[in-house]
Each structure stands twice: as structure tokens, then as C-alpha cells.
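Colleague: Based on what follows, work out the 3D shape:
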Amino acid sequence: MDHPDSRPEAPAMTEARRDGWALQPAALVQALDDDVAEGAPRVARPSEEDLRHSAGCDHPSQDLPGETRYVAPYLFRRAPRRARRLARLRDLVRMRLCLVGMALSFVLAACEGPECESSADCGLDRRCVEGGCVVRSDGDGSGDASVGGTCTDDRECESGACVVSSDGGDTPVGDTCTDDRECESGACLPPEAGGICTHECTSADQCFDLAEEAGCGALPWDDDGDGQPDRARTVCVLSPASPSRLGQPCASDAECDARLCLDGQCTEVCAEAWHCALGQTCVERALSSLPDSPFLACGYPPRTAPVQLDTVPLETQELGAGGRLTATLALPPDAVSVTFQAVRVSGDALPLTFVSLADPSGTSLFDIEQVLMWHDQPIRWIPPDASESVTMLVPNTLPDRVAFTPGPHTIVTGTIPRDVDDTGRATVRTEALVLRAEGRRVDAARLSLNVFLVGVGTTAATAPSDTRLQTALTRLGEILAPAGISLDAIRYYDVSGADAAELSIIESTTGPDSDLARLFRLSEGRDGRALNLFLVRSFEGSDDDGFHALGMAGGVPGPVALHGVSGAGVAVSFDPAVVGAGTSGANVVGHVMAHQVGHYLGLFHTTERGTPCAPGQDPSTGCAPFGGEDVLSDTIRGDASLLMHWSMVGGGSNTTLSEGQGQVMRWSPLTLP
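Modeller: Down below sits the predicted model:
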């Protein structure tokens, strides 16, 4: 056999071994033959002398002066898998076995130097005597342990040699096993996780080599064999039948794709954020039983305050008329609510709508097709008239109607064709505002206002001292206070010139080019999570029954921090000739403000004006759809004391907000502590 003039350097000392088991000299050549794959090119079988020479053991002072060398070129051509296996570092080994025989030079040969601490440093055919390696003769040991038996010291072995074994056997990944030592990877899954040889992983995409569906999980691992877990080891695991996926709710590891359930949600080991679900990232986590053995797994950005709002970009895409945009967002275990938003950022004026929403179990919470047939949905949402943006609060009801469960929610947004031949295209951006709180409770919140003065006789400069305006705002605060909401920052802005002349009296309220839509677009340039409150003189006209509108909201709920779009605000009449003069008139303004703010934060009318529609009856006939009531079980249809009754009663005496209504308002991302 030819030997190259130069060989790669090896560590100064290793053990000579084959898969952790002792070999008699006669077994060596057969072992080499075993490593030749079928059909692989064969080379001349080396003699025992060749093997000894290849290690430099015959001429230590000439071939290997003061160094130790690899002799792997021969074997690496014949058994790369075994060579890789045997090159594992010593710190992975777990047991010692009694070995005897000649040096297995195809692993590593260590023959130089007189220095040794134990016979394990001298190879299989030598032993350590007074710090030097000497040739071993049969029966040098004094113990009873036979070759291949377990040992902790040379003296326990018949052969006099106790050497450290590798951690792997011959069983390949995917085959059944009962013990780590059987596996070439040194990792055997417990029976409940598959009972097969596996390997370590840092993400699920490294587990495709298992024949069955698998994920990358973290298991308690007993390294020292004392029956107690020592660390969390990240390995590929077989998925259970019908597993719960990443982010879905779970009660035990056995439910999850990667057999890893943390904080009530299925997760898996990761290396980068893109290994995780939308809304998640790759963070340090730990098993509850091994808190001091962390690993990287999919989770959520840490909450750094008792109440926190996370903004999660979803998708941005150009859509044709009737196009759809789907996103699945994982919500953290401490999520209180999520507000989905879509806005048209460029292109043609295609109206937007939400198409569907499903919870982590796949249950439909909203379906626009059902709404178009006037079938109420668990999450009630009505497309706004001028829909260049749409906003949906989830949940907007109580647990008896929708049991909001954190985890993956799938939202589908779409564009509405303006006619049957619509070829328009628009770029649509979607996002989610995730409200998180300790204990999943928000008991108090604050609301900031941008107050726009539209030709009403007071200006931004005089507004802080305007008695009528300040009385109205005080009344607004008084009505909201029992719901746990207080007014925070209030900023004032003038609307003057042509805009004030044209929009101080709202003459049209429907359509993207209506006065109301134009008015709300004047909020462009504002920033932050503040509600835009427009004070106008009045709304023109009345309905067929003679009722006159005193205020309107841009949506139920309205857009959050999307200033400058057609639904971005509420408008309230301020003219004394319309709502009354003096303190009583100012209090009426405050009442109308509170009612419209309620709509904007997500509240429906507790009682609609019309009688409830009969099954199959079209609301265009004048009946009230969806039973003529809201979605909350703690409000009663017909209760005229409630703020969200369709009309103002007794000059604005109906100011009650139920506990459920207060919760919905505090779940809005516009109200934060």
C-alpha cells in the first residue's frame, strides 16, 4: 500500500477502537472487508505489518519523530461513514470496555513518546508501565472482565486494557433501538417518541432523512445512565398521528408535530426566525423539568410591560379585481386580542374586504359569503362603504360566543370587482396588531384624540379654553370612565379655507368620494394611535322617518393609526342650532362623541331601530338584520339606558356601558394603559 509523503496531523493521543467494542487481531481484516460497500472499488487488503507500519509504530523515531499522524487515507476510501463515526471527540464517550489485540491504525495511531497515564494511552497492543508504553502480552490484566465487558480501570480486565468506547453502535438512523449505544449516531429515541435511532438537529429541515414524518424537538436526556435527565437534547423525533402543528394549542408533548409543547402551544427547535410561524421568532427556551438547559425554539418576542401592543406585518401584494391575500398568524399565549388591517397603498380604487377568518382549530369565525346572505357570524363584521382600508377586531364579543384561543389564525383579505369586467389592480398591505397582557386581562386603558375643528367657530388656539368644547370633552370622559377608559393626550387641528367651507356641513356619507370620506382623509399627516374626532356644524338632511344624524363613525371598528384613509375618524355635530346651546347642548355633543367612539372601538348597536328581520327577509325592506341587536350576551335588546342604543334618549341620559362592552373597547389597540 502506498503512503503519501505528508499526512494530516492528528491529536496527540487517541484510543484505537472499532465502534466501541474490542477486536481480536484476527477480526481486523474481516472488519475492513465489512466496511466495503457493495459495488465499491476494492483495494489490496493490507497485512498486519502494513497496518502497523502505516501507524509508524515500527519506527517511531524515524517515521513519526515527536508527532502523531492520521493513517486514514486507506480506510476513508473504503468506509467513509465508519471513519467519520470513529473520529468523534472523546468528550462524547460514555463507557469503557476491555479491549485486546493489535492497534486499529485505520482510526488514529498513537505510538510516540514514553509518556502515558494509563494503558488507554498506549493503544490496544501495549500497556502503560511506570509512565511508559510497553508491548502487551496476553493475560497482563488481573481482573475478571472479559474482552467487550464493561470496566472502569485496567486492573478489572483479563487483558489488562480498559479503554474508552465511542458512543455509537452500528444501527443506522431510522432503525429500531433500545439504547443509545446501539446507534451509530449515539441517540436512540425512547419508545414513546418512536424507539428508533435518530440524530441531533437545529431545525425541522434536518429531519427529512427519517422515513416517517418527523420534527426537531427537545427531549430530556440521560447522559450518565443514572436514570435522571441531565440535559435537553435537540433531536429529530417521529411525529404522532394527526399531530398539532407549530403554534397550535396543546396540553402535552405527545400532541405536537415535534413532540414539544411549551406554554400551551406546540413548538419546535429552530436556528433562525424563518424556521418559525409568522408572528414568531427563534428564542431561547427550556423544558420545565430542565430550566438550566436552554435551547433555541420557536416562540414570541418577550413582553416587556404588563400590557403591550405588537405590530406584525403580514403580506403586501398586488391583487387583481377579486384577488385574495392569505396570511396565517400565530398569536402568543398571552394574546388578549388581535386587530387585522388591510389598506390599499397604490393602484386602482378597488374596494377591500375581509373574506374569511379561521381559528387555530380551523373553525370558521367569519365568512363574507355568509354575511352577504345575511347570516350572522361568530365575529360580526360589516364591510364599510368606502373601503380603501378595512379593520377587524378579534374577538369583539364574549367567550360564550367566541372562545378566543391564541395560536394560528388564518385571515383572507380580498378586493371587490367594481363591475363584471373590472381589470383593475391594486397593491394591498395587511398587518396585525396583537394586544398582549399579563394574565390576558386589560382592566384600564387610555384614549388619545386628534380633534379637528371644521368651521365651527373655535380654533386650535382657542380650543383648550373653549367652554363648550371642554364641557363636551369632559362629558365624553365621564361616560367612558365606568368602562375603565380615560382620556389621554388631546391635540387640536384647524380645518380652514376651502375644506372648511365644503365640509363643515356633511351632505353625503356613502361612497369613496362622499363628503364624509373626504373629511376623514384630512387626517393625513397625523401619526400615532390616536382617534381622529372631527367636529362639524351638522349633517345635512334626515331619513324617511324624520330622524337626523348627529354623528358617524368610519367603521365598526375604525382604522387604527391609518391616518388619511376614508374611514379614519368619527364626525360629530357641534352647531348649537342642531344639538342645543349651553351646558345641555355641550353635554349632548359629549354623548354623541361617546356613542361614535364606541362604534369606532368595536361596538354595535344594542338595539337597532327596525324590527328584526324574519328568516330570509332582506334588510332592504326596513327590517334589522342579525336580530336587531349586538353580539354581547350582557346587553339586552330594547334597553334604552345603554349608550349604544340606536337613539339618544332623554337628552343624552342613556350612558350605560356593560362590562362586556367595556372589555371590547379595552381590547382595541387604540386604547392602551
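Colleague: Span of stretch 196-213 from start to end?
Modeller: 13 Å (Cα to Cα, to the nearest Å).
Colleague: What are the buried residues along it?
Modeller: Under the neighbour-count criterion of 16 or more other Cβ atoms under 10 Å, stretch 196-213 has Ile196, Cys197, Thr198, His199, Cys201, Thr202, Ser203, Ala204, Gln206, Cys207, Leu210 buried. All C-beta spots, glycine's among them, are computed from the backbone N, C-alpha and C.
Colleague: Then stretch 303-311?
Modeller: The neighbour-count check on stretch 303-311 (16+ other Cβ under 10 Å) flags Val307, Gln308, Leu309, Asp310 as buried.
Colleague: Would you reformat those residues as a markdown table and include distance to Val570 and secondary structure?
Modeller: Shown next, in a markdown table, are the buried residues of stretch 303-311 (distance: Cβ to Cβ, whole Å; DSSP: H, G, I helix; E, B strand; the rest coil):
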| residue | distance to Val570 | secondary structure |
| --- | --- | --- |
| Val307 | 24 | strand |
| Gln308 | 26 | strand |
| Leu309 | 21 | strand |
| Asp310 | 26 | strand |
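Colleague: can I assume Pro464 sits in a helix?
Modeller: Yes. Counting by DSSP: H, G, I helix; E, B strand; the rest coil, Pro464 is located in a helix.
Colleague: do you know how far it is from Ile485?
Modeller: In this view, Pro464 and Ile485 are 21 Å apart by Cβ to Cβ, to the nearest Å.
Colleague: Quick check, Ser293 in contact with Ala232.
Modeller: Yes. Assessed by Cβ atoms under 8 Å, Ser293 is found in contact with Ala232 at 4.3 Å.
Colleague: what about those two, which has more around it?
Modeller: Between Ser293 and Ala232, counting by other Cβ atoms under 10 Å, Ala232 is the more crowded of the two (24 against 16).
Colleague: Quick check, pLDDT for the more buried one.
Modeller: Per-residue pLDDT puts Ala232 at 96.
Colleague: what does the one 3 residues further on give?
Modeller: At Val235, the pLDDT value in this model is 96.
Colleague: could you measure it against Glu212, distance?
Modeller: Counting by Cβ to Cβ - Val235 and Glu212 are separated by 14 Å.
Colleague: Same question for Asp618.
Modeller: Noted for Asp618: a distance of 54 Å to Glu212, by Cβ to Cβ.
Colleague: for Leu657, same thing?
Modeller: Leu657 is 55 Å from Glu212, by Cβ to Cβ.
Colleague: now swap in Glu507 and tell me
Modeller: Per Cβ to Cβ, Glu507 is found 68 Å from Glu212.
Colleague: and of the buried residues of stretch 196-213, the nearest to Ile490?
Modeller: Distances from Ile490 to the buried residues of stretch 196-213, taken as Cβ to Cβ, are shortest for Ser203 (49.7 Å).
Colleague: Tell me the buried residues in stretch 182-193?
Modeller: Neighbour-count burial for stretch 182-193, counted by 16+ other Cβ under 10 Å, picks out Glu182, Cys183, Glu184, Ser185, Gly186, Ala187, Cys188, Leu189, Ala193.
Colleague: ugh, wrong one, I meant stretch 343-355
Modeller: For stretch 343-355, the neighbour count (16+ other Cβ under 10 Å) marks Val343, Arg344, Leu350, Pro351, Leu352, Thr353, Phe354, Val355 as buried.
Colleague: Mind telling me what element the second one is part of?
Modeller: Secondary-structure assignment from DSSP states H and E places Arg344 in strand 335-347.
Colleague: after that strand comes which helix or strand?
Modeller: strand 352-358.
Colleague: Give me the contacts around that next one.
Modeller: 324, 340, 342-344, 364-368, 379, 381, 383, 387-390, 392, 394, 409-416, 428 (Cβ atoms under 8 Å, 6 or more residues apart in numbering).
Colleague: Generate a PyMOL selection restricted to the buried subset of those residues.
Modeller: To isolate the buried members of the contacts of strand 352-358 in PyMOL, using 16+ other Cβ under 10 Å:
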select buried, resi 340+342+343+344+365+366+367+368+379+381+387+388+389+390+392+394+409+410+411+412+413+414+415+416+428
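Colleague: Helices - which of the contacts of strand 352-358 land there?
Modeller: Those of those mapping onto helices are Ile368, per DSSP state H.
Colleague: quick one: Leu309 and Ala432 touch, right?
Modeller: No. The criterion here is Cβ under 8 Å, and Leu309 misses it with Ala432 at 10.6 Å.
Colleague: got a list of what the nearest residue to Asp292 once chain neighbours are set aside touches?
Modeller: Nearest residue to Asp292 in three dimensions, chain neighbours excluded: Ala286, at 7.4 Å (Cβ to Cβ, 6 or more residues apart in numbering). Listed by Cβ under 8 Å, 6+ apart, the contact set of Ala286 reads Ala232, Asp292, Ser293, Pro294, Phe295.
Colleague: Who are the contact partners of the closest residue to Gly590 other than its chain neighbours?
Modeller: Distances taken as Cβ to Cβ, 6+ apart put Arg475 closest to Gly590, at 2.6 Å, once the chain neighbours are dropped. Applying Cβ under 8 Å, 6+ apart to Arg475 gives the contacts Ala586, Asn587, Val589, Gly590, His591, Met593, Ala594, Gly652.
Colleague: The helix ranked longest in the chain: how far from the chain's middle?
Modeller: Longest helix of the chain, by residue count under DSSP H: helix 582-600. Centroid separation between helix 582-600 and its chain, computed with Cα atoms, centre = their mean, to the nearest Å, is 41 Å.
Colleague: tell me the mean pLDDT over it?
Modeller: On average, helix 582-600 scores 97.
Colleague: measure Ser293 to Thr415 for me?
Modeller: Here Ser293 is placed at a distance of 50 Å from Thr415 (Cβ to Cβ).
Colleague: An error on my part: the question was meant for Val338.
Modeller: Distance from Val338 to Thr415, by Cβ to Cβ: 22 Å.
Colleague: where along the stretch 351-500 of the chain do the strands fall?
Modeller: For the stretch 351-500 of the chain, the strands defined by DSSP state E, counting those that start in this stretch occupy 352-358, 364-367, 389-394, 408-415, 425-437, 445-454, 485-495.
Colleague: As TSV, the ones you listed with mean pLDDT and distance to His605 would be great.
Modeller: Formatted as TSV, the strands of the stretch 351-500 of the chain follow (pLDDT from 0 to 100; distance: least, Cβ to Cβ, whole Å):
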stretch	mean pLDDT	distance to His605
strand 352-358	97	21
strand 364-367	98	19
strand 389-394	97	16
strand 408-415	97	25
strand 425-437	97	24
strand 445-454	98	21
strand 485-495	97	19
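Colleague: can you put the ones you listed in TSV and add distance to Gly131?
Modeller: Listed next are these as TSV, based on distance: least, Cβ to Cβ, whole Å:
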stretch	distance to Gly131
strand 352-358	73
strand 364-367	77
strand 389-394	75
strand 408-415	65
strand 425-437	65
strand 445-454	77
strand 485-495	80
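Colleague: got a pLDDT number for the closest residue to Val560 other than its chain neighbours?
Modeller: Nearest residue to Val560, sequence neighbours excluded (Cβ to Cβ, 6+ apart): Pro669, at 5.1 Å. Per-residue pLDDT puts Pro669 at 96.
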